[in-house]
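S.K.: Fold the following and give me the result.
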Amino acid sequence: MRSAIQILGSALVALFLLVLPVAAADVGFDTAPLSVVTADGKTHDFTVELALDSEQRALGLMNRRDMAADHGMLFDFGQTRQVLMWMKNTYLPLDMLFILADGKVATIRENAVPLSEAIIDSRVPVAFVLEVNAGTVKRLGLHEGDRVVAERIKGK
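M.R.: Sure, this is the predicted structure:
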């Protein structure tokens, strides 16, 4: 016959194993409006989730299976630096806009391959990355040099 301590210990281990996968799901993201203004003056509005701290940035859009066409995620690094991204555990194909501190789009990387561990390099120091569904850049005619406008981005 098992003792109460053994039963309690087994129950705690089972509980830990059940809660462990939920830990990543416990990371929450605030949302905010964001616009991309093209060189010809067209404005494209999005609602973005904000990845502001290291835990949020590490999770990003991992494990998501869908995202609305006018949604995305804005990664704020709190400083300007070269950024390296990857698609590990990310099921959505994505376009990535690498953004300078003033809101100018410096680099665009289209159609990032889901679940790939290949490094996606900003090529230059940036302060932000905007991830949107793959095909958005082409569909909206976005280009390097366009401007991203959001409360977090202090454009000129």
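
S.K.: those strands in this structure, which residues are they?
M.R.: Assignment of strands within the chain using DSSP state E yields the ranges 31-37, 43-51, 71-85, 94-99, 105-112, 120-133, 147-149.

S.K.: what residues are up against Arg109?
M.R.: The contact partners of Arg109, by Cβ atoms under 8 Å, 6 or more residues apart in numbering, come to Asp95, Met96, Phe98, Ile120. From N, CA and C alone the C-beta is placed, and that goes for glycine too.

S.K.: I'd assumed Thr107 was in contact with the third one.
M.R.: If I follow you right, that is Phe98. Yes. With contact defined as Cβ atoms under 8 Å, Phe98 counts as touching Thr107 (4.1 Å).

S.K.: can you redo the strands of the chain as a markdown table with distance to Arg139 and mean pLDDT?
M.R.: Conversion of the strands of the chain to a markdown table gives the following (distance: least, Cβ to Cβ, whole Å; pLDDT from 0 to 100):
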| stretch | distance to Arg139 | mean pLDDT |
| --- | --- | --- |
| strand 31-37 | 12 | 98 |
| strand 43-51 | 9 | 98 |
| strand 71-85 | 13 | 97 |
| strand 94-99 | 9 | 98 |
| strand 105-112 | 11 | 98 |
| strand 120-133 | 9 | 98 |
| strand 147-149 | 17 | 98 |
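
S.K.: Ok, which of these comes nearest Gly155?
M.R.: Closest to Gly155 of those, according to Cβ to Cβ: strand 147-149, at 6.1 Å.

S.K.: I'd like to know which elements that closest one is packed against.
M.R.: The criterion is 3 or more Cβ pairs under 8 Å, 6 or more residues apart in numbering; DSSP states H and E, and the helices and strands that strand 147-149 contacts are strand 31-37.

S.K.: picking up where we left off before, give me the common contacts of Phe98 and Thr107.
M.R.: Residues touching both Phe98 and Thr107 (Cβ under 8 Å, 6+ apart): Ser122, Arg123, Val124, Val126.

S.K.: closest to Asp102 among those residues?
M.R.: Proximity of the shared contacts of Phe98 and Thr107 to Asp102 (Cβ to Cβ) peaks at Val126, which lies at 10.7 Å.

S.K.: The closest one: how many residues sit nearby?
M.R.: The local packing of Val126 (other Cβ atoms under 10 Å) involves 23 other residues.
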